[in-house]
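*Asks:* dropping a prediction and its sequence here:
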Amino acid sequence: MVAMQGEPPAVARRRVRLALIGYRQAKGLNQTEVSHLLGWSLSKVQRIEAGDVGVSVTDLRALLQLYGVDDPVEVERLTEDARVSRRQRWYEAPEYRRHLTKSMRQLLQFEAEATEIRVYQPSLVPGVLQTPAVAEAVFDWWTHGLTPRLTAEDRRVRYDVRMLRKRQILDRQNGPDYYLILDESVLLRKVGGAKAMAEQLESLEQTSHLPRIHIRMIPLDKGGESGILGPFQIVSLSESGYQDAVLYQEFYGRDRVVSESTELDFHSQFFERLWSLAADEHLTRIAILAEAYRLRRSLDE
């Protein structure tokens with residue numbers, strides 16, 4: 001994978017769309033009125049504000065003029081963001097673009113700029129913290145057990161992406177604080193077999209001692225609501241925390257990045273509630289090591 005250079009387009013595009021939404025609302029206009037005033041289709045305005053497309057500099061200036069934004073510093077800032085947001089080849093070589101979803105490519109860009117990442121995972125150790133043996137076991141499931149299946153190239157690309165994300169989160173200088181909530185069942189599920197899972201748990205416990213890594217476990221006898229939602233990730237892009245964040249969700253066969261405030265509010269409240277119910281980091285480490293020890297003992301019997 002090519003080295004990352006410059007600012008991620010997804011991050012710049014997000015700044016532009018949020019600024020445009022704010023200026024439109026301050027002007028008291030709705031999207032339909034904007035489309036009529038500029039002679040655009042409503043879908044064009046919607047795509048720009050949703051971040052589905054990068055706005056051209058010409059269209060950006062038309063919108064700013066309509067909204068009465070004439071401060072030269074602000075206009076230049078947003079113009080540069082618009083230019084960055086339309087770069088198409090920032091991250092990956094062509095083969096990576098063929099094997100990753102649009103949402104995953106956006107997630108990579110957001111993680112590269114993240115200040116905090118909050119992850120809830122009810123079934124598996126997150127991919128960025130998986131050992132190679134556990135990652136291969138998960139890939140095997142997708143390669144042989146389900147349709148559509150992963151090709152050899154799919155596996156290679158996804159493995160490379162996991163390593164990239166791991167470096168961005170764990171190894172990057174001034175990287176993000178990483179908050180992870182695991183359901184206790186994650187520790188008990190022998191992904192890849194007893195030996196592979198014992199190694200995974202030992203690796204997870206070691207990782208939990210890193211200064212920016214915070215891992216907590218929801219005990220089976222607490223937090224019954226933890227099964228309501230599937231896994232999700234909240235990526236904060238500034239010190240404002242949840243106020244400047246995106247939500248990433250992955251489902252079978254699809255994933256999505258969400259910026260809508262209602263969704264973010266719900267998932268952030270859900271995360272904070274589970275964090276308060278979870279065992280603290282010290283007790284979580286004890287539980288992780290206890291299960292790793294039990295698995296090691298089972299191998300000797």
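*Replies:* All right, it came through fine.

*Asks:* in the stretch 51-200 of the chain, where is pLDDT below threshold?
*Replies:* 87-96, 142-148 (pLDDT under 70).

*Asks:* helices along that one, start to end?
*Replies:* 57-66, 72-85, 94-99, 102-113, 132-140, 152-166, 184-188, 194-207 (DSSP state H, counting those that start in this stretch).

*Asks:* what angle separates the last one from helix 152-166?
*Replies:* Just to be clear, that refers to helix 194-207. Counting by axes from the mean of the first three to the mean of the last three CA atoms, to 10 degrees, helix 194-207 lies at 30 degrees to helix 152-166.

*Asks:* what's the answer for the first one, then?
*Replies:* With the same axes, to 10 degrees as the basis, helix 57-66 and helix 152-166 are set at 50 degrees to each other.

*Asks:* residues of helix 57-66 that come out buried?
*Replies:* Neighbour counts using 16 or more other CB atoms under 10 Å place 59-64, 66 of helix 57-66 among the buried residues. C-beta coordinates here come from the backbone N, C-alpha and C atoms, glycine included.

*Asks:* cool, the shortest one as well?
*Replies:* Judged by neighbour count using 16+ other CB under 10 Å, the buried positions of helix 184-188 are 184, 186-187.

*Asks:* among those, which one sits closest to residue 256?
*Replies:* Using CB to CB, residue 186 comes nearest to residue 256 of these, at 22.8 Å.

*Asks:* one step back: and the helices of the stretch 51-200 of the chain: which comes nearest residue 265?
*Replies:* Closest among those, using CB to CB: helix 102-113, at 18.2 Å.

*Asks:* elements contacting that closest one?
*Replies:* Applying 3 or more CB pairs under 8 Å, 6 or more residues apart in numbering; DSSP states H and E, one finds that helix 102-113 contacts helix 9-27, helix 152-166, strand 232-236, strand 245-251, strand 254-258.

*Asks:* how far off centre is stretch 209-229?
*Replies:* A distance of 18 Å separates the C-alpha centroid of stretch 209-229 from that of its chain, computed with CA atoms, centre = their mean, to the nearest Å.

*Asks:* contact partners of it?
*Replies:* For stretch 209-229, contacts defined as CB atoms under 8 Å, 6 or more residues apart in numbering pick out 120, 122, 170, 175-187, 204, 207-208, 267, 270, 273-275, 277-281, 283-285, 287-288.

*Asks:* nearest to residue 84 among the buried residues of helix 184-188?
*Replies:* Using CB to CB, these come closest to residue 84 at residue 186, 38.0 Å.

*Asks:* so that closest one versus residue 217, what's the distance?
*Replies:* Look at residue 186 and residue 217: by CB to CB, to the nearest Å, they are 8 Å apart.
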